[in-house]
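Asker: This is a predicted model, with the sequence first.
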Amino acid sequence: MAAELTLMSRGYCHLCHDMEAALQPLLDEFGVGLQVLDVDADPELEAKYDELVPVLLLGEEELCHYFLDEAKVRAVLARIR
């Protein structure tokens, strides 16, 4: 995998599940991996991302939160490809 995105998520968050599902076609298209982190499992992540989840990151760069910004994610993935 050339790159990996990180999704800050929660097990009971429907927006998180929606974003993960919406991401799948882009992950397949660009050959990118996805690491899903449960913010409730880490007090630091919970403090930082609590009300923002889901949050999609590339490294430290926040690409979007709440809803997938497909155009932005597509542009970033095309840039790093």
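Answerer: Arrived safely. Numbers count the residues shown, from 1 in each chain.

Asker: Backbone torsions only: list them for Asp69.
Answerer: Listed backbone geometry of Asp69 is phi -100, psi 90, with angles given as degrees, to the nearest 10.

Asker: Could you look up the SS state of the residue lying closest to it once chain neighbours are set aside?
Answerer: Closest residue to Asp69 in three dimensions, ignoring its sequence neighbours and counting by C-beta to C-beta, 6 or more residues apart in numbering: Leu63, at 6.7 Å. C-betas here are computed from N, CA, C, even on glycine. Here Leu63 takes the strand state, with states given by DSSP: H, G, I helix; E, B strand; the rest coil.

Asker: tell me the contacts of Leu63?
Answerer: Neighbour list for Leu63: Leu5, Leu56, Leu57, Asp69, Lys72, Val73, Val76 [criterion: C-beta atoms under 8 Å, 6 or more residues apart in numbering].

Asker: measure the last one to Leu26 for me?
Answerer: This points to Val76. Noted for Val76: a distance of 10 Å to Leu26, by C-beta to C-beta, to the nearest Å.

Asker: Look at the two and report which has more neighbours.
Answerer: Between Val76 and Leu26, counted using other C-beta atoms under 10 Å, Val76 has the larger neighbour count: 20 against 16.

Asker: Would you mind listing the buried residues in the helix or strand that contains the more buried one?
Answerer: Element membership of Val76 [criterion: DSSP states H and E] is helix 70-80. Across helix 70-80, burial judged by 16 or more other C-beta atoms under 10 Å covers Val73, Val76, Leu77.

Asker: Setting aside sequence neighbours, what's the nearest residue to the first one?
Answerer: Yep, that's Val73 we're talking about. Leaving aside its chain neighbours, Val73 sits nearest to Leu63 (5.4 Å; criterion: C-beta to C-beta, 6+ apart).

Asker: What are the boundaries of the helices in this structure?
Answerer: In the chain, the segments counted as helices under DSSP state H are 14-30, 43-49, 70-80.
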